[in-house]
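1. mind looking at a prediction? Sequence and model below.
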Amino acid sequence: QVQLVESGGGLVQAGGSLRLSCAASGRPLGSYSLGWFRQAPGKEREFVATISWSGGSTYYADSVKGRFTISRDNAKNTMYLQMNSLKPEDTAVYYCAGKILGMSDRLYDYPYWGQGTQVTVSS
């Protein structure tokens with residue numbers, strides 16, 4: 001079983017950038033497809049981006065396409081989310097998640113989750 005820990009959240013002004021990291025332990029990260037999800041106050045958790053086990057395929061929610069980039073370094077057992085041109089509506093707790101086999105944008109396909117990291121974008 002893999003354990004996931006997010007880091008890199010914080011407070012940033014609109015238009016700014018942040019890079020989130022998701023560090024894995026317990027199992028080699030290369031066995032898993034990974035995803036980022038987020039949950040704003042009073043809203044359901046939603047899909048942000050996903051990446052294949054090799055890093056060769058990615059898929060994004062329309063709301064972040066062109067602004068966010070998901071990547072991974074299996075040698076470092078770490079996944080990243082580079083967030084540029086941040087907007088106040090990006091404010092949320094961001095979670096990384098892992099699953100065996102293929103990528104997915106569906107919340108309930110992921111059995112492994114981190115504890116989340118807060119991202120706050122001020123206007």
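-> All right, it came through fine. Numbers count the residues shown, from 1 in each chain.

2. got a list of what residue 117 touches?
-> Shown in contact with residue 117 (C-beta atoms under 8 Å, 6 or more residues apart in numbering): 6, 7, 8, 9, 20, 93, 94. From N, CA and C alone the C-beta is placed, and that goes for glycine too.

3. pretty sure the first one is in contact with residue 119, am I right?
-> No. Because the distance of 10.0 Å does not satisfy C-beta atoms under 8 Å, residue 6 is recorded as not touching residue 119.

4. what residues do those two have in common as contacts?
-> The overlap between the contact sets of residue 6 and residue 119 (C-beta under 8 Å, 6+ apart) consists of 20, 94.

5. can you tell me the helix or strand for residue 98?
-> Per DSSP states H and E: residue 98 is located in strand 92-100.

6. give the other helices and strands that that strand contacts.
-> strand 3-7, strand 18-25, strand 32-39, strand 78-83, strand 112-113, strand 117-122 (3 or more C-beta pairs under 8 Å, 6 or more residues apart in numbering; DSSP states H and E).

7. need the next SSE after the first one, C-terminal direction.
-> The one in question is strand 3-7. In N-to-C order, the element after strand 3-7 by DSSP H and E is strand 10-13.

8. centroid residue for the protein?
-> Central residue of the chain (C-alpha atoms, centre = their mean): residue 36, 2.5 Å from the mean position.

9. and that one, what are its bridge partners?
-> Residue 36 has the following beta-bridge partners by DSSP bridges: residue 49, residue 96.

10. isn't it up against residue 48?
-> Yes. Contact criterion C-beta under 8 Å: residue 36 and residue 48 qualify, at 4.2 Å.

11. pull up the overlap in contacts between those two.
-> Common neighbours of residue 36 and residue 48 (C-beta under 8 Å, 6+ apart) are 81, 94.

12. could you report the neighbour count for the closest residue to residue 114 other than its chain neighbours?
-> The shortest distance from residue 114 to any residue other than its chain neighbours is 3.8 Å, reached at residue 4 (C-beta to C-beta, 6 or more residues apart in numbering). Residue 4 has 22 neighbouring residues, counting by other C-beta atoms under 10 Å.
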